[in-house]
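1. build me a model from this:
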Amino acid sequence: MPEVNSEREIKLLAPPDFQLPELVGDAHGIASMAEGEPLDLSATYFDSPDFRLMRNGITLRRRFGEGAAPVWTLKLPVNGDDTLRGEVNFPGDTSYPPGEARDLLTGVLNGSKLGPIAEIKTRRRRWLLRDDEGTDLAELVDDRVSILEGSLIKGTFREIEIESRAIDERGLKKIAQVIEQAGGRPEQRSKASRALEVLHPEAVTSSELPRVAPSDPAANAVTPAFAKALRHL
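-> Next up is the predicted model:
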């Protein structure tokens, strides 16, 4: 059975020489940082030939590195909130997306086939941020990502993620602000979107609808309205 949950996280881009700032202290409500074992992750993202999932803010990946078997993960936007994502995990060591995942995407794909569009490898360091009672408030990860084309590295970037465990959005933003002051840059785009920008620059990766001015023809307003309603459906 698939595992369904939601995740709230804030992402920041960081330069290669970025140093994590001190986060423990009363000002942030963090009493300790417990570092976990580093992970070497390998992920392949799937989409239609015209990138329908990405254009709708959806990602589907198969990832190795967290456990004995790979996991398929489908991430979905939630109510236009770019810090919140619905997440459905499907177990199974298959090379093609599971039928249950494809069924959930029927309305978006509309008959289009899925195929691999990007592959990345990530070296991840991770910490649990805890309060003075030992409660896990959030997980902080420092990802160094390589974008692959076959055996070639076509690009790299470094990403900091803060994912909520027991902290609200305001608390996440306070932590993110400290990291931003130390040199991080807020950027909520997915890793898949960054990889596509390098591997398929022709892809339309933005899900933003065009702005319409009062002087524009009525059709310019009606078309985005229908598109927004369709995405919501």
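2. need the contact list for the spatially most central residue of the chain.
-> For the chain, Ser190 is the residue whose C-alpha lies nearest the centre (C-alpha atoms, centre = their mean; 3.8 Å). Ser190 sits next to 59, 75 when contact means C-beta atoms under 8 Å, 6 or more residues apart in numbering. For the C-beta atoms, the positions are set from N, CA and C on the backbone; glycine is no exception.
3. ok, now with 7 Å
-> Going by C-beta atoms under 7 Å, 6 or more residues apart in numbering, Ser190 touches Thr59.
4. remind me, longest strand of the chain?
-> strand 115-130 (DSSP state E).
5. and Glu37, what does it touch?
-> With C-beta under 7 Å, 6+ apart, Glu37 has no contacts at all.
6. repeat that for Ala14.
-> Counted by C-beta under 7 Å, 6+ apart, Ala14 has contacts 158, 160, 183-184.
7. same thing but 8 Å
-> 142, 158-160, 179, 183-185.
8. can you give me the helices in this structure?
-> 52-55, 99-104, 106-109, 169-181, 191-199, 218-232 (DSSP state H).
9. nearest approach to Glu22 belongs to which of the ones you listed?
-> helix 169-181 (8.2 Å; C-beta to C-beta).
10. how about the CA coordinates for the closest one, as CSV?
-> Presented in CSV, the C-alpha positions along helix 169-181 are these (Å, rounded to 0.1, in the frame of the first residue of the first chain):
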residue,chain,number,x,y,z
GLU,A,169,5.6,27.6,9.2
ARG,A,170,6.6,30.7,11.3
GLY,A,171,9.2,28.7,13.1
LEU,A,172,10.6,27.3,9.9
LYS,A,173,10.9,30.8,8.5
LYS,A,174,12.8,32.0,11.5
ILE,A,175,15.4,29.3,11.0
ALA,A,176,15.5,30.0,7.3
GLN,A,177,16.2,33.7,8.0
VAL,A,178,19.3,32.8,10.0
ILE,A,179,20.6,30.7,7.1
GLU,A,180,19.8,33.4,4.7
GLN,A,181,21.7,36.0,6.7
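11. ok so, going back, what are the buried residues along the longest strand of the chain?
-> 117-122, 124, 126-130 (16 or more other C-beta atoms under 10 Å).
12. give me the mean pLDDT for it.
-> On average, the pLDDT along strand 115-130 is 98.
13. helices and strands around that strand, which ones?
-> If you count contacts as 3 or more C-beta pairs under 8 Å, 6 or more residues apart in numbering; DSSP states H and E, strand 115-130 packs onto strand 32-35, strand 39-47, strand 136-149, helix 191-199.
14. could you give the angle of that strand to helix 169-181?
-> 100 degrees (axes from the mean of the first three to the mean of the last three C-alpha atoms, to 10 degrees).
15. and the angle from strand 115-130 to helix 191-199?
-> 130 degrees.
16. what angle do strand 115-130 and strand 136-149 make?
-> Going by the same axes, to 10 degrees, strand 115-130 makes 150 degrees with strand 136-149.
17. partners of strand 115-130 in the sheet?
-> strand 32-35 (antiparallel), strand 39-47 (antiparallel), strand 136-149 (antiparallel) (DSSP bridges).
18. pretty sure Arg194 sits against Phe157.
-> Yes: counting by C-beta atoms under 8 Å, Phe157 is a contact partner of Arg194 at 6.1 Å.
19. so what does Gly111 have for phi and psi?
-> Dihedral angles of Gly111 (phi, psi; degrees, to the nearest 10) stand at phi 90, psi -10.
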